[in-house]
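K.L.:
here is the input, now give the coordinates:
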Amino acid sequence: MGKKILSFFLLSVFLSAGCVTEKQVGEKILVVVTIPPQAEFVEKIGGDLVEVEVMVPPGASPHTYDPLPSQLSDVGRARMYAKVGSGVDFELSWFSKLQEINKDMFVVDCSKGIELIGNDPHIWTSPKNAQIMVENIYEGLVEIDPVNQEYYQRNKENYLSVLDGLDADISDALAQKTNKINRKIIVYHPAWTYFCRDYGLEQIPIEEGGKEPTPRGLINLVNQAKADNITIIFASPQFNTDSAEAIAREINGVVVLIDPLKKEYVDNIQKVAGAFAEV
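P.N.:
Residues are numbered from 1 along each chain as shown. Just a heads-up that it's a prediction; the model follows:
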C-alpha cells in the first residue's frame, strides 16, 4: 500500500473513531504545528504547560511531505493547531483533512496581521513576522487556557524581547557591511523574500515556481554572478543542490547550506544573517 493511500485510509479510520480534546487535570496541552520554527514559538510561550508536535519534521520539505499515521493520531487528540497560514503546500494539501479528524481543536492562523508577498509562504524567515506569529500563538493559548494567561503573557514578553534583540543584531551586522557587502544573494530556493525585504537585500533565485532553471537560465545566472562578483551560492538542505553546484563551479565559488526550517529559530536566523553578511 502506497504512503499516500495509507494516509488517506487512516484518515477515514480517525474520522469514524472521533477524538477527545478536553484537558485533564495536570495534563499538558497538545499543540500541533506545521513546521519546526513554530515549535520553538509555542514552547517559548507555553513553557511547561504545552506539548508540541510538528507535522513536517526536520529534514522534510513542506512542499511535498505527507503525514505519518502517528501524526494523524496526534492531530486527533490536539487542543490547538497553529498553522502557518501563508500558503505552505502541506497546509494547502492537508489542512482541511486534518480539521476533519479533529473538529474540536482550536485553529490559530499565524499569518494573521502579516502582509504577504507574492507566492512566498516563508513568512517566518523575518524576525519581525516571527513576532506577529508569536502574538497570534499567545492569543490562541489564552483562548483555550485563560486560567494561565499571566504565565503565557510573561513568557511571550520575554521571547519578544529576544526577537527584538535578534532583529537589532541583524540590522547592525548588515549595516556595518554596507560599504563592503554585495546586497544581492543567489539562492537555490526563494525562501528568504521577507528577510531580504527587512534588511535591504536582493534575492536572486535559481529555482522558481518549483522548476529547475533552463540551460539558458543557468548561463544567465552565471553571468549575473560574475558581473556582481558573487562567489557564494546559498541552498537549502531539503532540496537537490545540483544546479547550485553547477553555478558555483562556473564562478569558482562555493555552495553554502542555510536552512529556513530549523527549530532553533533565533540561533539559526542569526547564523543565516552572518552568512549573508559575508557575501
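K.L.:
could you use CA atoms for every contact and neighbour count after this?
P.N.:
Fine.
K.L.:
let me know the helix or strand that W94 is in.
P.N.:
helix 89-101 (DSSP states H and E).
K.L.:
now L30
P.N.:
strand 29-33.
K.L.:
what's that strand in contact with?
P.N.:
23, 39, 42, 49-55, 74-75, 77-84 (Cα atoms under 8 Å, 6 or more residues apart in numbering).
K.L.:
mark which of these are buried, thanks.
P.N.:
39, 42, 49-55, 74-75, 77-84 (16 or more other Cα atoms under 10 Å).
K.L.:
ok, back up a step: sort out for me which of the contacts of strand 29-33 are in strands.
P.N.:
Members of the contacts of strand 29-33 lying in strands (criterion: DSSP state E): 50-54, 80-83.
K.L.:
T64: neighbouring residues, count only.
P.N.:
The number of residues packed around T64, counting by other Cα atoms under 10 Å, is 10.
K.L.:
ranges for the helices of the stretch 1-150 of the chain?
P.N.:
3-17, 36-46, 69-76, 89-101, 127-144, 149-176 (DSSP state H, counting those that start in this stretch).
K.L.:
between those helices, which gets the lowest average pLDDT?
P.N.:
For the helices of the stretch 1-150 of the chain, mean pLDDT drops lowest on helix 3-17, to a mean of 48.
K.L.:
what's the most buried one of the helices of the stretch 1-150 of the chain?
P.N.:
Ranked by mean neighbour count, the helices of the stretch 1-150 of the chain are led by helix 36-46 with a mean of 23 (mean count of other Cα atoms under 10 Å).
K.L.:
tell me the helices and strands packed up against that helix.
P.N.:
Contacts defined by 3 or more Cα pairs under 8 Å, 6 or more residues apart in numbering; DSSP states H and E place helix 36-46 against strand 50-54, helix 127-144, helix 149-176.
K.L.:
would you mind saying which of these lies nearest A191?
P.N.:
Smallest distance to A191 across these (Cα to Cα): 13.9 Å, for helix 127-144.
K.L.:
can you show me the strands along the stretch 151-279 of the chain?
P.N.:
With DSSP state E, counting those that start in this stretch as the criterion, the stretch 151-279 of the chain has strands at 184-187, 202-205, 232-235, 254-257.
K.L.:
of those, which is nearest K103?
P.N.:
Here strand 232-235 is closest among these (Cα to Cα), at 38.2 Å.
K.L.:
restricting to C-alpha, output that closest one in CSV.
P.N.:
Only the C-alpha atoms of strand 232-235 are listed here, as CSV (Å, rounded to 0.1, in the frame of the first residue of the first chain):
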residue,chain,number,x,y,z
ILE,A,232,28.7,32.1,-2.7
ILE,A,233,25.5,30.2,-3.8
PHE,A,234,23.0,29.5,-1.0
ALA,A,235,21.0,26.3,-0.9
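K.L.:
contacts for that strand?
P.N.:
Under the criterion Cα under 8 Å, 6+ apart, residues 185-189, 241, 244-245, 247-248, 253-259, 279 lie in contact with strand 232-235.
K.L.:
quick one, which of the residues you listed are buried?
P.N.:
If we count by 16+ other Cα under 10 Å, the contacts of strand 232-235 have these buried: 185-189, 241, 244-245, 247-248, 253-255, 257-259, 279.
K.L.:
returning to that earlier point: dump the strand holding L30 to PDB, restricted to CA.
P.N.:
Extracted C-alpha coordinates of strand 29-33, given in PDB (Å, rounded to 0.1, in the frame of the first residue of the first chain):
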ATOM      1  CA  ILE A  29      -1.900  21.000  26.300                       C
ATOM      2  CA  LEU A  30      -1.100  19.300  23.000                       C
ATOM      3  CA  VAL A  31      -0.400  21.900  20.300                       C
ATOM      4  CA  VAL A  32       0.200  20.800  16.700                       C
ATOM      5  CA  VAL A  33       2.200  23.000  14.300                       C
END
